[in-house]
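1. Quick one, fold the following:
(chains A, B and C)
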Amino acid sequence: MQFSELIIKLGSAVKASSLGADNDLNPILTGLAPIDAATSGTISYIEGDKFAKFVSNTAASALILPMNEAIQAQAIDRGIAWIAASEPRLLFAQVIKLFYQPFRLPVGIHPSAIVEPGVELGDDVSIGAHVVIQPGVKIGNGVTIHPNVVIYPDVQIGDRTILHANCTIHERVRLGADCVIHSGAAIGSEGFGFVPTATGWFKMEQAGYTVLEDGVEIGCNSSVDRPAVGETRIGRDTKLDNLVHVGHGCQIGANCALAAQVGLAGGVKVGNQVLLAGQVGVANQVTIGDRAIASSKTGIHSNVDPGEIVSGYPAVSHKLWLKTAAIVNRLPEMYQFFKQNKQN
Amino acid sequence: MQFSELIIKLGSAVKASSLGADNDLNPILTGLAPIDAATSGTISYIEGDKFAKFVSNTAASALILPMNEAIQAQAIDRGIAWIAASEPRLLFAQVIKLFYQPFRLPVGIHPSAIVEPGVELGDDVSIGAHVVIQPGVKIGNGVTIHPNVVIYPDVQIGDRTILHANCTIHERVRLGADCVIHSGAAIGSEGFGFVPTATGWFKMEQAGYTVLEDGVEIGCNSSVDRPAVGETRIGRDTKLDNLVHVGHGCQIGANCALAAQVGLAGGVKVGNQVLLAGQVGVANQVTIGDRAIASSKTGIHSNVDPGEIVSGYPAVSHKLWLKTAAIVNRLPEMYQFFKQNKQN
Amino acid sequence: MQFSELIIKLGSAVKASSLGADNDLNPILTGLAPIDAATSGTISYIEGDKFAKFVSNTAASALILPMNEAIQAQAIDRGIAWIAASEPRLLFAQVIKLFYQPFRLPVGIHPSAIVEPGVELGDDVSIGAHVVIQPGVKIGNGVTIHPNVVIYPDVQIGDRTILHANCTIHERVRLGADCVIHSGAAIGSEGFGFVPTATGWFKMEQAGYTVLEDGVEIGCNSSVDRPAVGETRIGRDTKLDNLVHVGHGCQIGANCALAAQVGLAGGVKVGNQVLLAGQVGVANQVTIGDRAIASSKTGIHSNVDPGEIVSGYPAVSHKLWLKTAAIVNRLPEMYQFFKQNKQN
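-> Residues are numbered from 1 along each chain as shown, chains lettered A, B, ... in the order given. Next up, the predicted model:
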């Protein structure tokens, strides 16, 4: 694709480009490359503050830049075409879409798929080899179900949702439109409900529903459990990374991001636009307010206010944690002092 | 189901009910609902100390209550039928079973399943679509194997055990009766055994057995590894939540509960009735005594006595951890004091 | 197998044996057993310093011992045959291989497998039931693919690599020779890339490649993500245990071992021969030097030098962590002292 064609395709996403300064700088671009492995013919992107350093020696033919005239001038000096926007990372994501689209199954039902009687299928669905769909499932238009997915009875799947290979959708699940469920994830699996009795555990059947609103994405091998009554619910456009556990009855708001290996115990309430970094754990019934952030490995045992940033185990404000984490390393000196003075 | 019929079905599980006080209060119940979403015609349950608050405004037609006459009277005043027991959560679980049974596959072998020669099948087994069972597997009576499960050779499965979709049972596994293996779990997978040598890792083949006694339940995407020699063993009625890792050669006792994302390294010994909360980690060869409890995220590097409650990383007694976790937050003041006084 | 035959088969791996001292001590060995469950006819192994204690009472007919003449003499006194090497654990692994080989599928393509047109297959491949291989996949010689594995398009798999049941290999993956991918693992799944915008998350397509060099092993239900551009790469002979997460764009060196439930965020660089114990977490873009070690549950937020041993959260040197972890438990006394003295 010629550089000028790329600009046309990106439309209003490009706020400035080298074409204004040098119309002859119009390379043919064959693909994307990371900045440190870019070769001639590729377009590349530089994350964060490192732009200046890399512009001086990259072999890329084109760059995605921030709105910084000095860096842009430097690129032109080196004969590198550029496009720019105030959010270069977003522009980068838009460029990727022009060069690459992930594999999509062809429309149609593979002859080896088992679609039981009583399944409602929308238009233009793609159902891969060895998929199994039990009775009483409703599937919207344009849905893609990759090979070896299993769908239990009484499931509804919204338009254009994608189920990747080897994931499992259990009974009483409602998936919205434009959701993506990655490989190995289990949605609507039985919540961990066992009541202790004198003769051992009594299993509490999980008779509730699991609801994922539109645009929810669930990472590989994550699990979202079905509750005993009521709903487990994940709000619109919330994204979960790989190996995340969402316990029965959790209520997660919209536009959140939960990084890999996060675990939510039962009945946790998470607001909107909450960010939980990797390996965060949240205890039973805790409430986390809108726009709160927890840094990686935080252990949250009590409620977090909206907008709060927490760290540590047990979680405290991130500011306090930074202070105490530094002082903990002075404990040997402090203890020495304590030992010398405690008797005086 | 009419309220009076529910009471008959529950039998001795109901210790008291509103029928004694008001025989006309006999609503028709159509299902269960959580207390804050209950509508007319539903029966609901209130966890813990919040009963009084919710009884005053729920729309539920019936409630499961504790043996508390004041609360029971309040329910009748509001025209709400009730049943009660000293353990209302257990009664709640019993009520759910009357309204809901999870999906069971029909008895029989789906024509797309591959059952290799030399497999012994009990009576009334349910084998779903695209299941693969390798030679030398023995399957008991009433076993349910959901679609896309794979069973390696030399596996024995006890009566009534349920294998959910997309789980994998590896060679040399013995599953007891009444076990449940959830979606994506891997049982009897190769333990992580690599011996360092001058030329790299030498793989230690895992020639042992993996034994799950009767009534064991393994959560979604959990893994229970096969050892080099001897057994990995999980005792009767022990329950594992999702994404739990059990290393090769672990010995777990009876009636334990391991919450989500717990990890046991190799050769860990866990007694009976042990509770490990979410994201707990246990180091190689550690022994944990009967009835011990570890709170969430605890990192256990050394043995835990029977009945002990531990927290923190490295684990200490829960009482000590509560104290030190509170004092850690005073470290900035303490450090200030230390700096001012250390030279004096 | 007779003891003398075992020695012949082990060849130069055996540095000394009881045959020199007593040629009549030549038992027939039927298998391996752990030392505390060994019966007559088995050969057993004792880990670490416990040899002397167990030699005195085991029922094993043969033992794998260290190069320690006192212990060897004790074994002969008890009528137990032995073989010895300076690294008995390695010898143990070599003995296991003589008694046990894991299940291998027969060579050939199961008739229920779906191999799409445009797949290149090497010689002597084993493709199990219900495997699905999309177009544009190249598979080397002697590759084993267990049942219900799914391989997306544009994947290359090196000679003798083994894919266990229910794992998923996504597009743009290159697996080397002699790799093992365990059940449920997802290789080349989409990296977690979402750019925040005023109207919500914008999905960044993951257009890069995922490369596993020769001899890499990935545990059950682990995930290795595909990056937006460039590569995620795992170096030669590196071994990952179960439930490990490797984020998009990570570069892991050769001969590392990552224990269960380790999580690497995006763009992490790990050197050669690095050991990360269970549940370690590593933040975005961190670099870990060659031969570094992190103990279990360590949270690594900043770079780790080559050879460094780190612990704690946030990670510090293991030595400092041992000191501070001990002193933390004296905080109640220290705080008492602080309270009494701060006003003076």
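
2. Now for A:Leu276, how many residues are close by?
-> The tally of other residues near A:Leu276 (other C-beta atoms under 10 Å in any protein chain shown) stands at 29. Any C-beta I mention is one placed from the backbone N, CA and C, and that applies to glycine too.

3. contacting residues around it?
-> A:256-259, A:262, A:270, A:282, A:293-294, A:298 (C-beta atoms under 8 Å, 6 or more residues apart in numbering or on different chains).

4. confidence score at it?
-> Predicted confidence (pLDDT) at A:Leu276: the value is 98.

5. So what sits opposite it in the bridge?
-> Judged by DSSP bridges, the bridge partners of A:Leu276 are A:Leu258, A:Ala294.

6. how about the one helix or strand A:Ile187 maps to as CSV, C-alpha atoms only?
-> Assigned by DSSP states H and E, A:Ile187 belongs to strand A:186-190. Output in CSV follows, covering the C-alpha atoms of strand A:186-190 (Å, rounded to 0.1, in the frame of the first residue of the first chain):
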residue,chain,number,x,y,z
ALA,A,186,-15.5,-21.3,30.6
ILE,A,187,-18.5,-19.0,30.9
GLY,A,188,-21.4,-19.9,33.2
SER,A,189,-19.6,-22.7,34.9
GLU,A,190,-21.0,-23.7,38.3
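
7. strand partners of it, parallel vs antiparallel please.
-> strand A:168-169 (parallel), strand A:223-226 (parallel).

8. List of residues touching the next helix or strand after the last one?
-> Which is strand A:223-226. Counting by DSSP H and E, the next helix or strand C-terminal to strand A:223-226 is strand A:231-234. For strand A:231-234, the external contacting residues (C-beta under 8 Å, 6+ apart) are A:188, A:191, A:208-213, A:216, A:218, A:224-226, A:240, A:246-252.

9. likewise stretch A:67-83?
-> Here stretch A:67-83 has contacts from A:3, A:6-7, A:10, A:14-19, A:21-22, A:25-27, A:51-52, A:55-56, A:58, A:60-65, A:84-86, A:91, A:95, using C-beta under 8 Å, 6+ apart.

10. For PyMOL, what selects the buried ones among the residues you listed?
-> Buried residues among the contacts of stretch A:67-83 (16 or more other C-beta atoms under 10 Å in any protein chain shown), as a PyMOL selection:
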select buried, chain A and resi 3+6+7+10+14+16+17+18+19+25+26+27+51+55+58+60+61+62+63+64+65+84+85+91+95
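
11. and the contacts of stretch A:67-83, which of them are in strands?
-> A:16-17, A:62-65, A:84 (DSSP state E).

12. Could you measure from A:Gly289 over to chain B?
-> 19 Å (C-beta to the nearest C-beta, to the nearest Å).

13. can you pull the contacts of that residue?
-> So A:Gly289 contacts A:271, A:274, A:303-308 (C-beta under 8 Å, 6+ apart).

14. got a list of what A:Ile28 touches?
-> A:1-3, A:41.

15. Could you point out which residue ranges in the stretch 201-344 of chain A have low pLDDT?
-> A:343-344 (pLDDT under 70).

16. how about 90 then?
-> A:339-344 (pLDDT under 90).

17. Pull up the residues of it that are close to chain B.
-> A:201-208, A:221-223, A:225, A:228-230, A:243, A:245, A:247, A:249, A:261, A:263, A:265, A:279, A:281, A:283, A:299, A:301, A:313-314, A:316, A:320, A:323-324, A:327-328, A:330, A:333-334, A:337, A:341 (C-beta under 8 Å from any C-beta of the partner chain).

18. what about the nearest residue to A:Lys203 once chain neighbours are set aside, how many neighbours?
-> With C-beta to C-beta, 6 or more residues apart in numbering or on different chains as the criterion, A:Lys203 has its nearest non-adjacent residue at 5.9 Å, and that residue is A:Phe194. A total of 18 residues lie near A:Phe194 under the criterion other C-beta under 10 Å.

19. A:Phe194 and B:Lys239 touch, don't they?
-> Yes: at 5.5 Å, A:Phe194 counts as touching B:Lys239 under the criterion of C-beta atoms under 8 Å.

20. Find residues that contact each of these two.
-> With C-beta under 8 Å, 6+ apart, A:Phe194 and B:Lys239 have common neighbours A:201, B:257.

21. Now do the same contact list for the closest residue to A:Leu10 other than its chain neighbours.
-> Nearest residue to A:Leu10, sequence neighbours excluded (C-beta to C-beta, 6+ apart): A:Gln94, at 5.9 Å. For A:Gln94, the contacting residues are A:10, A:13, C:202, by C-beta under 8 Å, 6+ apart.

22. gap between A:Gln94 and B:Tyr335?
-> 49 Å (C-beta to C-beta, to the nearest Å).

23. Please apply the same query to A:Gly122.
-> Counting by C-beta to C-beta, the gap from A:Gly122 to B:Tyr335 is 63 Å.

24. If you count surrounding residues, which of those two has more?
-> Per other C-beta under 10 Å, whichever of A:Gly122 and B:Tyr335 has more neighbours is B:Tyr335, with 20 against 15.

25. so A:Lys97 sits right up against C:Glu205, yeah?
-> Yes: using C-beta under 8 Å, A:Lys97 is in contact with C:Glu205, at 5.7 Å.

26. So these two - more neighbours on which side?
-> Set A:Lys97 next to C:Glu205 and count neighbours by other C-beta under 10 Å: C:Glu205 wins out with 21 against 15.

27. Just give the nearest non-adjacent residue to the more buried one, would you?
-> For C:Glu205, the closest residue by C-beta to C-beta, 6+ apart turns out to be A:Ile96, at 4.8 Å.

28. now do A:Lys15
-> A:Ala85 (4.7 Å).

29. For the one you found, which residues are in contact?
-> So A:Ala85 contacts A:13-16, A:64, A:66-67, A:91 (C-beta under 8 Å, 6+ apart).

30. rerun at 10 Å
-> A:10, A:12-17, A:64-67, A:91-92, A:94 (C-beta atoms under 10 Å, 6 or more residues apart in numbering or on different chains).

31. Tell me which residues touch the most centrally placed residue in chain A, please.
-> Closest residue to the average C-alpha location of chain A: A:Lys239 at 3.9 Å, with C-alpha atoms, centre = their mean. Going by C-beta under 10 Å, 6+ apart, A:Lys239 touches A:180, A:215-219, A:255-259, C:192-194, C:200-201, C:203.

32. Which member of the contacts of A:Ile28 is positioned nearest A:Val132?
-> Comparing the contacts of A:Ile28 against A:Val132 with C-beta to C-beta picks out A:Met1 as the nearest, at 41.1 Å.

33. Adding distance to A:Gly235, write the contacts of A:Gln94 out as CSV.
-> Converted to CSV, the contacts of A:Gln94 look like this (distance: C-beta to C-beta, whole Å):
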residue, distance to A:Gly235
A:Leu10, 31
A:Ala13, 27
C:Phe202, 18
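
34. Filter these down to just the ones in helices.
-> Counting by DSSP state H, those place A:Leu10 in helices.

35. Looking at the contacts of A:Gln94, which is nearest A:Asp154?
-> Here the nearest of these to A:Asp154, counting by C-beta to C-beta, is C:Phe202; it sits at 33.5 Å.

36. what sits against the closest one?
-> Counting by C-beta under 10 Å, 6+ apart, C:Phe202 has contacts A:87, A:89-90, A:93-94, A:97, C:193-196.

37. Columns pLDDT and distance to A:Ile133 on top of those, output as TSV?
-> Below are the contacts of C:Phe202 laid out as TSV (pLDDT from 0 to 100; distance: C-beta to C-beta, whole Å):
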residue	pLDDT	distance to A:Ile133
A:Glu87	92	41
A:Arg89	93	38
A:Leu90	95	37
A:Ala93	96	33
A:Gln94	97	35
A:Lys97	96	30
C:Gly193	95	30
C:Phe194	97	29
C:Val195	96	34
C:Pro196	94	35
